[in-house]
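A.B. asks: Here's a sequence, model it:
(2 chains, ligands or ions: 2)
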Amino acid sequence: MLEIVNVHKNFKTKNGVTNALQEVNLSVKNGDFVVLVGPSGCGKSTLLNIIAGLEKATSGQVSKSGRPILDAGPDRMVMFQEAALFPWLKVIDNVEYGMKIKGTGKRERREKAIHYLKMVHLTRFASAYPHELSVGMRQRVALARALSMDSDMLLMDEPFAALDSQTKSILHAELQQIWGATKKTIIFVTHNVEEAVLLAERVIVMTANPGRIKKEFRVQLARPRNMEDIDLTRTVGQILGELKEEVEKVAKAELDSDWSLENSSFISRPDTHLGNGI
Amino acid sequence: MVYRTGIWPSFLFPSPSGVLENLSAGIQDLSIPIAAQISIQRLFIGYSISLVIGLLLGIMIDRIKYLDQALSPLLLGVQTLPSICWLPLAILWFGLGEEAIIFVIAIGSIFSISMAVVSGIKQIPHLYIRAAKTMGAKGLRRYTSVVIPAALPAIISGMKQGWSFAWRALMAGELLTPTSGLGYVLIMGRDLHDMNQVVGIMIVIVIMGVVTDRLLFGRVEHAILYRWGLTRSH
Ligand SMILES: Nc1ncnc2c1ncn2[C@@H]1O[C@H](COP(=O)(O)OP(=O)(O)OP(=O)(O)O)[C@@H](O)[C@H]1O
Ligand SMILES: [Mg+2]
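C.D. replies: Ligands and ions are numbered 1, 2, ... in the order given. Predicted coordinates for the structure are as follows:
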């Protein structure tokens, strides 16, 4: 159980104080799949980093299984938007790194690394260096690395944003399957509402300035889910309606004008990238 | 060609054949190899010292925040001082001899190596550290498994620069202290007005410099840059 109680986060910068999170309350049951969506700058990454222990809340409590989160730790693996592989290590050694730190034995480590590389279809590249891989391949290695740690919680900050749609849908299927099989708690950040509805049990909509939780949607569709499913599309539509207002607010604040989304097509475009442009 | 024009008298400008003769004589009677060996030995001792101290100093500065604020500007200042300027001090401390030269060699490269370590560590992408943290890497382990490897390309280029400073300091030190080594043979050539010897030794010094710089450091650096994915070439 993850408990976030009354969390505030301020960043002090040269131009003053940014109120990145205000009064955030959220509890996540073990084995839940929570997806955070919201306009750019609403504090999704900040919240995820606080849960990861990479960032400290200015005030409020964050605890996991009753213990306050004070530091980053291997019980909460993080997947960043960039793969964050170590360039001086071969792919397989990158996957093994965390297990090595944890003290997993050499043979077990290798077996697991190969198991997860197989899962992301990259065994052929086990002894390549990260820079010899494409961006999407690197991200798959990062996924293998995160999964090999057997953490009960997985924190993912737009992990698939840089991938092509084919790789993305393979990994979507893979992730749902892994979640079903391992019952890890997953907290996932995305810009893409379709992705959110495809994956989530709960979609949390956040708002900007100050960043806070606006609304929550429960997604109770059968799995495996399909992007073309009518019920899924309907839920996406609902959430987009909620978000449109938010995005417009941010856009207005940023452009300082009467800019309106009615005139802009990037959010309501009826193609497959629906909801991609928040 | 320049020689053939005969504008300069031959004791001011050497003939290529004279230089070659002088070189082969020097190699055959082993005077050049012996001098080179002495020089290289000094260089290795001085450079090894500076490598150890430079790395430790760099890591210390990185670890202790107020040391960074206090020492970094000082180091930057000291680094601009040509290392040969340390020679008088070294002679006062160690006397005219081996130790003084080794001190000058070491001091010449310590600062560029430690500065490279400090700035190399500062430039590490924060993402690597965050990734290491979430995987539970702490303290010394994080240092040896992530911080140092991530900074290695910068550290290597500092080591390369340190090596060239050390090499210069070595030659200057040998020229200014009457002991032994290539620099000393060079100065003897001057004292004897033996142009062929002077130019011959200069050629030896250039060759040694190019070999170590290009072949040794150049290759190591290139291999590291490639593995770290910092070059485009294959
Ligand atoms: N290290 C920092 N220093 C100062 N301000 C920061 C820092 N990190 C985030 N912020 C500010 O906090 C707010 C929330 O940022 P955050 O990165 O959490 O947003 P986000 O929802 O992840 O946005 P995006 O969808 O674009 O990734 C922004 O206004 C940002 O400018
Ligand atoms: Mg973000």
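
A.B. asks: For the residue in chain B that ligand 1 sits nearest to, give me its contacts.
C.D. replies: For chain B and ligand 1, the shortest gap (C-beta to the nearest ligand atom) falls at residue B:126, measuring 9.8 Å. Using the backbone N, CA and C atoms, a C-beta is placed for each residue, glycine as well. By C-beta atoms under 8 Å, 6 or more residues apart in numbering or on different chains, no residues touch residue B:126.

A.B. asks: cool, residue B:99 as well?
C.D. replies: residue B:90.

A.B. asks: After the host helix or strand of residue B:190, which helix or strand is next?
C.D. replies: Assigning secondary structure by DSSP states H and E places residue B:190 in helix B:182-191. Reading on from helix B:182-191 to the C-terminus, the next helix or strand found by DSSP H and E is helix B:195-210.

A.B. asks: got a pLDDT number for the residue nearest the centre of chain B?
C.D. replies: Taking C-alpha atoms, centre = their mean, the centroid of chain B lies closest to residue B:163, which sits 1.9 Å from it. Looking at residue B:163, its pLDDT reads 90.

A.B. asks: what do you get for residue A:256?
C.D. replies: pLDDT, residue A:256: 60.

A.B. asks: and what of residue A:171?
C.D. replies: Residue A:171 carries a pLDDT value of 88.

A.B. asks: Doesn't the residue nearest to the centre of chain B belong to a helix?
C.D. replies: Yes. Assigned with DSSP: H, G, I helix; E, B strand; the rest coil, residue B:163 falls within a helix.

A.B. asks: Buried ones in the lowest-mean-pLDDT helix or strand in chain A, by neighbour count?
C.D. replies: Here the helix or strand of chain A ranked lowest by mean pLDDT, DSSP states H and E is helix A:230-255, holding a mean of 84. Buried residues in helix A:230-255, defined by neighbour count with 16 or more other C-beta atoms under 10 Å in any protein chain shown: A:232, A:235-236, A:239-240, A:242-244, A:246-248, A:250-251.

A.B. asks: Show me which residues of chain B sit near chain A.
C.D. replies: Contact residues (C-beta under 8 Å from any C-beta of the partner chain) of chain B with chain A: B:127-128, B:130-131, B:133-137, B:141, B:145-146, B:149-150, B:152, B:227-229.

A.B. asks: Which residues are in contact with the residue nearest to the centre of chain B?
C.D. replies: B:47, B:109, B:212, B:213, B:217.

A.B. asks: for residue B:185, same thing?
C.D. replies: B:26, B:31, B:32, B:35, B:197, B:201.

A.B. asks: How about residue B:32?
C.D. replies: By C-beta under 8 Å, 6+ apart, the contact set of residue B:32 is B:23, B:26, B:182, B:185, B:200, B:201, B:204.

A.B. asks: Could you say which helix or strand holds the second one?
C.D. replies: Translated: residue B:26. Residue B:26 belongs to helix B:16-28, assigned by DSSP H and E.

A.B. asks: what angle sits between that helix and helix B:182-191?
C.D. replies: Calculated by axes from the mean of the first three to the mean of the last three C-alpha atoms, to 10 degrees, helix B:16-28 forms an angle of 130 degrees with helix B:182-191.
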